[in-house]
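Asker: Mind folding the following:
(one chain, ligands or ions: 2)
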Amino acid sequence: MVSEARILIAPSVLSANFADLGREVRAVTDAGADLIHVDIMDGLFVPAISFGEVVVDAIRANTDVPLNIHLMIQEPETLLSTFAKVESDQILVHAEACGHLHRTVCRIKDKGNQVGVAINPGTPLSAVEDVLPLLDMVMIMSVNPGASGQSFIPQSLDKIRRVKTMIDQGKHDAQIEVDGGIKADWTAQDSVKAGATILVAGSAIFNHQESIPDAMNNMRGCFLG
Ligand code: DX5
Ligand code: ZN
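Answerer: Ligands and ions are numbered 1, 2, ... in the order given. Next up is the predicted model:
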C-alpha cells in the first residue's frame, strides 16, 4: 500500500455550493486539503463557462493553501496576467489549447509559478513529451473536461502508468496529477498505484451524502491498508 503522506488531495471547488463558497473553501482547508483545484472554463475550449478572476480572488482570500488553477481556456497565454498573478499558485494549461505550448510553459515559469500541462483522454502522451523536463506537474484528464460528476475513464490508468515510465526514464521531476471521476474507491487507489501523486476530487468531496471532513477522511483512508 502506498504511503498516504506523499499523496496530495486537491478538492475541486467546481462542485462546491457557490452561494456559500467562502465557507466551503475554509471547510476543505480545515479538513486538510493540500491544494485547492480551481477550474476555469471559457465556453470555447470547453462548452461551459465557470467563473473568472473575481471568484478566484475570493477563493484565495479564504485559504492559505496553494491554488491549483486548471485553465480550460483556448490560448491561455493571453490571460496569464489574470490568473498567474500570485506566485504560490500552480497554473495548469491544456496542451490542446496552446498553439505554442513551450512558450506558454516558459512564460508561466518566468512568472514564478509552478506549471503543469493537462491532456484530454483522447490526446496522446506525445503532446506533452517535449515539455516534460520543464514541468512541475503533468495532468491526466480521466474525464473529458467541462463538468464535474462524470465517470472515471478506466483507460486513464494505463496512461498514468505510461507517463510515469516517461518521467522515470527521463529522470524528470514532474508529479502526476489525475482529474475527473476520482472517488474514495478503486479510482483513487488504482490511480495512485499507477503513479499519480495529486488527486483532484470534486463531487467526491463536496456532496450532500457526507460532511466535508468525512469526505476528506474517506479519500485519505482509502490508501490505508
Ligand atoms: C472537469 C474538471 C474537474 C472536475 C472534477 O472538467 O476539470 O476538475 O471539477 O469533478 P469530479 O471529481 O466530480 O469528476
Ligand atoms: Zn479540473
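Asker: Let me see the mean pLDDT of stretch 145-162.
Answerer: Here the mean pLDDT over stretch 145-162 is 98, rounded to a whole number.
Asker: Please read the previous query as pertaining to stretch 179-194.
Answerer: The predicted model gives stretch 179-194 an average pLDDT of 98.
Asker: Wondering if it reaches ligand 1 at all.
Answerer: Yes: Stretch 179-194 reaches ligand 1 (Cβ under 6 Å from any ligand atom) through 179-182. For glycine as for every other residue, the C-beta is placed from the backbone atoms N, C-alpha and C.
Asker: May I ask which two of these are separated the most?
Answerer: D179 and G181 (8.7 Å; Cβ to Cβ).
Asker: Now list whatever residues contact both of the two.
Answerer: Each of 142-143 lies in contact with both D179 and G181 under the rule Cβ atoms under 8 Å, 6 or more residues apart in numbering.
Asker: So the two - more neighbours on which side?
Answerer: The residue with more neighbours, out of D179 and G181 and counting by other Cβ atoms under 10 Å, is D179; that gives 27 against 24.
Asker: burial count for the closest residue to the more buried one other than its chain neighbours?
Answerer: Distances taken as Cβ to Cβ, 6 or more residues apart in numbering put V200 closest to D179, at 4.0 Å, once the chain neighbours are dropped. Applying other Cβ under 10 Å, we find 29 residues neighbouring V200.
Asker: Check which helices and strands the strand or helix carrying V200 sits against.
Answerer: With elements taken from DSSP states H and E, the one containing V200 is strand 198-201. With contacts defined as 3 or more Cβ pairs under 8 Å, 6 or more residues apart in numbering; DSSP states H and E, the secondary structure elements packing on strand 198-201 are strand 8-11, strand 67-72, strand 137-141, strand 175-179, helix 186-194.
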